[in-house]
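Student: From the sequence below, what's the structure:
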Amino acid sequence: MIDGLKPYPAMKDSGVPWLGEVPERWEVQRLRNLADMRVSNVDKHTKDDEQPVRLCNYVDVYKNDYIRPSMSLMRATATKEEIERFRLAEGDVLITKDSEAWNDIGVPALVRASADDLVSGYHLALLRPFRERIAGEFLFRSLQSTGVQYQFHVEANGVTRYGLSHAAIKSVWLPAPPVSEQAAIVRFLDHADRRIRRYIRAKQKLIKLLEEQKQAIIHRAVTRGLDPNVRLKPSGVEWLGDMPQDWVVASLRFRYEQCLGKMVDAKSVTNTRLLPYLRNVDVQWDRINTEDLPRIDIGQREHERFTVRSGDLLVCEGRHLGRAAIWRGELAVCAFQKALHRLRAREPRTDLPRYLYYCLYVVHFQDAFGASSSDNSIPHLTGEMLRAFKFPFPPLSEQAAIAAHLDAACSSLNRAQTALDRAIEAMREYRTRLIADVVTGKLDVRAAAARLPEEAEEPELLDEAEVEVEGDAGESDAGDGDGVPEEAEA
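Tutor: A predicted model of the protein is given here:
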């Protein structure tokens with residue numbers, strides 16, 4: 001179906017450089033002529049003199065293509081006037097309006113269904129299509145295209161925080177086919193998208209099975225050791241259970257030095273002693289990103305405290321509590337921000353960070369850190385919590401043997417998972433290209449859409465987020481330390 005697509009028979013110059021030629025019967029319009037825009041001022045607070053509502057917030061849009069009342073949404077209150085103005089209607093499109101990452105701007109989501117108490121929250125622009133000119137479903141697909149996204153990224157302004165002005169949003173150029181043709185395009189893209197999602201979902205299920213197998217292997221090794229006949233004793237630690245008799249349990253503070261990184265704000269960037277720095281999102285399991293890192297000023301007196309050296313264990317403080325990786329000297333000098341803990345063995349002759357890395361892996365996936373955190377809506381692994389947390393410590397030689405065994409045992413699983421991640425990423429890139437080519441008129445899908453069978457909608461069942469394994473190719477940690485707006489995370 002997709003391979004046989006051809007260009008439109010007659011084209012014309014669109015007059016818009018990024019768009020090039022469009023089909024002869026198409027128009028090109030600014031967004032202000034296709035949809036009404038409203039920017040909500042409804043915040044997360046609850047007031048006694050206001051009516052209860054459910055807020056669709058930044059993260060709800062950023063993480064989902066479609067918005068439905070069945071989603072788990074934040075509860076707050078709003079005035080009657082705010083509810084009337086910002087209540088979501090079926091066919092509305094929401095876009096992320098501002099963020100601390102420039103490429104998180106302009107991400108769209110389509111409202112599939114609504115409810116009387118469902119309203120738009122902060123940091124979003126609500127677009128209500130003029131139905132005689134553009135369908136909400138087509139507007140959503142257009143906003144997903146790379147050309148439109150490029151316009152948003154160019155217009156985003158800011159230094160430590162990026163935002164789109166009302167004028168910038170309204171001035172974006174969009175292709176506008178006849179409404180009947182929009183319906184054919186949406187029908188085709190929805191069909192293709194369902195097939196792509198099924199493919200991705202199947203790969204993600206395989207990743208999940210590999211992850212479960214890896215977790216079981218690591219859990220066994222760091223709680224029982226490598227000798228199947230070893231005698232055990234109670235550890236007194238809930239997440240650990242019984243452990244080998246010659247192991248000891250100790251709070252981390254007695255074995256490792258812990259330090260949080262530097263707070264990042266506008267005052268931290270004075271362009272005098274700039275160093276690249278690591279964020280929460282840069283530290284994945286056993287993998288540290290060092291490309292395109294932001295920079296921060298680190299003075300001479302701060303250098304030792306806020307930089308890393310080879311062998312340091314970096315641990316996520318927020319979002320994915322305890323996610324960790326070892327710094328192997330990838331850069332000559334590198335700092336780290338407050339969203340990360342740096343751990344160093346107090347006595348290298350008794351403790352091996354690679355072994356502790358595998359302990360953190362088990363603790364994270366058992367949610368032992370989350371169980372010991374407060375009831376705040378955003379969990380954090382504070383320095384006090386981490387220093388007090390108890391881990392098992394075998395003799396150094398056994399720590400080394402366990403780490404070497406797990407490195408070997410997990411190697412083939414990691415390779416298989418990486419191959420699956422790449423296949424998923426390739427399919428996502430294909431989807432992006434397909435949407436761009438179809439909504440800009442580079443491919444004619446009218447005949448293909450007419451031949452498609454009727455399909456029942458599969459709402460939440462094909463949501464990639466349901467089966468996505470943490471840290472895979474589709475993950476976005478836009479809010480880890482310096483991304484998603486605070487109001488959206490709460």
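Student: Please count neighbours and contacts with C-alpha atoms only from this point.
Tutor: Will do.
Student: And the closest residue to Ala388 other than its chain neighbours, its phi and psi?
Tutor: Computed as CA to CA, 6 or more residues apart in numbering, the closest residue to Ala388 that is not its neighbour in sequence is Ser251, at 5.1 Å. Dihedral pair for Ser251: phi -60, psi 150, per degrees, to the nearest 10.
Student: Please name the residues that touch Ser251.
Tutor: 387-391 (CA atoms under 8 Å, 6 or more residues apart in numbering).
Student: ok, now Ala167?
Tutor: Taking CA under 8 Å, 6+ apart, one finds nothing in contact with Ala167.
Student: picking that back up, counting neighbours, which of the contacts of Ser251 end up buried?
Tutor: 387, 389-391 (16 or more other CA atoms under 10 Å).
Student: and these, which of them are in strands?
Tutor: Under the assignment DSSP state E, the buried ones among the contacts of Ser251 contribute 390-391 to strands.
Student: can you put the buried ones among the contacts of Ser251 in a markdown table and add pLDDT and distance to Asn41?
Tutor: Converted to a markdown table, these look like this (pLDDT from 0 to 100; distance: CA to CA, whole Å):
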| residue | pLDDT | distance to Asn41 |
| --- | --- | --- |
| Arg387 | 97 | 41 |
| Phe389 | 97 | 41 |
| Lys390 | 97 | 45 |
| Phe391 | 97 | 46 |
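Student: picking that back up, between the contacts of Ser251, which sits nearest His320?
Tutor: Phe389 (16.5 Å; CA to CA).
Student: Show the pLDDT at the closest residue to that closest one other than its chain neighbours.
Tutor: Nearest residue to Phe389 in three dimensions, chain neighbours excluded: Ser251, at 5.2 Å (CA to CA, 6+ apart). According to the prediction, Ser251 has pLDDT 97.
Student: Helix or strand: which one has Ala109?
Tutor: Ala109 belongs to strand 108-111 when assigned by DSSP states H and E.
Student: Direction included, what does that strand pair against?
Tutor: Counting by DSSP bridges, the strands paired with strand 108-111 are strand 66-67 (parallel), strand 93-96 (antiparallel).
Student: and Ala202, which of those strands is closest to it?
Tutor: Among those, strand 66-67 sits nearest to Ala202 (CA to CA), with 20.4 Å.
Student: Other residues contacting the strand holding Ala109?
Tutor: Outside strand 108-111, the residues that touch it by CA under 8 Å, 6+ apart are 61-62, 64-68, 88-96, 136-137, 140, 143-144.
Student: for stretch 69-83, same thing?
Tutor: Counting by CA under 8 Å, 6+ apart, stretch 69-83 makes contact with 41-47, 50-57, 60, 113-115, 117-119, all of which sit outside it.
Student: if you look at the residues you listed, which of them are in strands?
Tutor: Going by DSSP E, the strands hold 51-56, 118-119 from these.
Student: Can I get the buried ones among those residues as something I can paste into ChimeraX?
Tutor: Buried subset of the ones in strands among the contacts of stretch 69-83, written as a ChimeraX selection, criterion 16+ other CA under 10 Å:
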select :52,53,54,55,56,118,119
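Student: show me where the stretch 351-490 of the chain has strands.
Tutor: All strands of the stretch 351-490 of the chain, identified by DSSP state E, counting those that start in this stretch, fall at 390-393.
Student: Where does pLDDT dip in this structure?
Tutor: Applying pLDDT under 70 to the chain flags the ranges 1-3, 159-160, 266-271, 371-378, 456-490.
Student: name the helices or strands packed onto the longest helix that it contains?
Tutor: Identified as the longest helix of the chain according to DSSP state H is helix 179-224. For helix 179-224, the elements it packs on are helix 136-144, strand 242-244, helix 353-365, helix 396-439, helix 446-451, judged by 3 or more CA pairs under 8 Å, 6 or more residues apart in numbering; DSSP states H and E.
Student: And the helix or strand just after that helix, what does it pack against?
Tutor: The helix or strand immediately downstream of helix 179-224 is strand 232-234, counting by DSSP H and E. Contacts defined by 3+ CA pairs under 8 Å, 6+ apart place strand 232-234 against strand 242-244.
Student: quick one: contacts for the nearest residue to Ala176 once chain neighbours are set aside?
Tutor: Spatial nearest neighbour of Ala176, excluding adjacent residues (CA to CA, 6+ apart): Glu27 at 5.0 Å. Glu27 makes contact with 14, 175-177 under the criterion CA under 8 Å, 6+ apart.
Student: Could you single out the nearest of those to Arg255?
Tutor: So of those, ranked by how close each gets to Arg255 (CA to CA), first place is Pro175, at 61.4 Å.
Student: Tell me the strands beside the helix or strand where that closest one lies, with direction?
Tutor: Element membership for Pro175 (DSSP H and E) is strand 173-176. Strand pairing for strand 173-176, determined by DSSP bridges: strand 27-30 (antiparallel).
Student: which among the contacts of Ser251 gets closest to Lys214?
Tutor: Taking CA to CA as the measure, Lys214 lies nearest Phe391 of these, at 19.7 Å.
Student: ok so, going back, identify the bridge partners of the residue nearest to Phe389.
Tutor: Lys390.
Student: sec struct for Arg25, please.
Tutor: coil (DSSP: H, G, I helix; E, B strand; the rest coil).
Student: ok, the residue lying closest to it once chain neighbours are set aside to Gly163 distance?
Tutor: Nearest residue to Arg25, sequence neighbours excluded (CA to CA, 6+ apart): Pro177, at 6.9 Å. With distances taken as CA to CA, to the nearest Å, Pro177 is found 29 Å from Gly163.
Student: Format the ones in strands among the contacts of stretch 69-83 as CSV; extra columns: distance to Gln213.
Tutor: Formatted as CSV, the ones in strands among the contacts of stretch 69-83 follow (distance: CA to CA, whole Å):
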residue, distance to Gln213
Gln51, 48
Pro52, 44
Val53, 42
Arg54, 39
Leu55, 38
Cys56, 36
Leu118, 41
Val119, 42
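Student: Cool, thanks, talk later.
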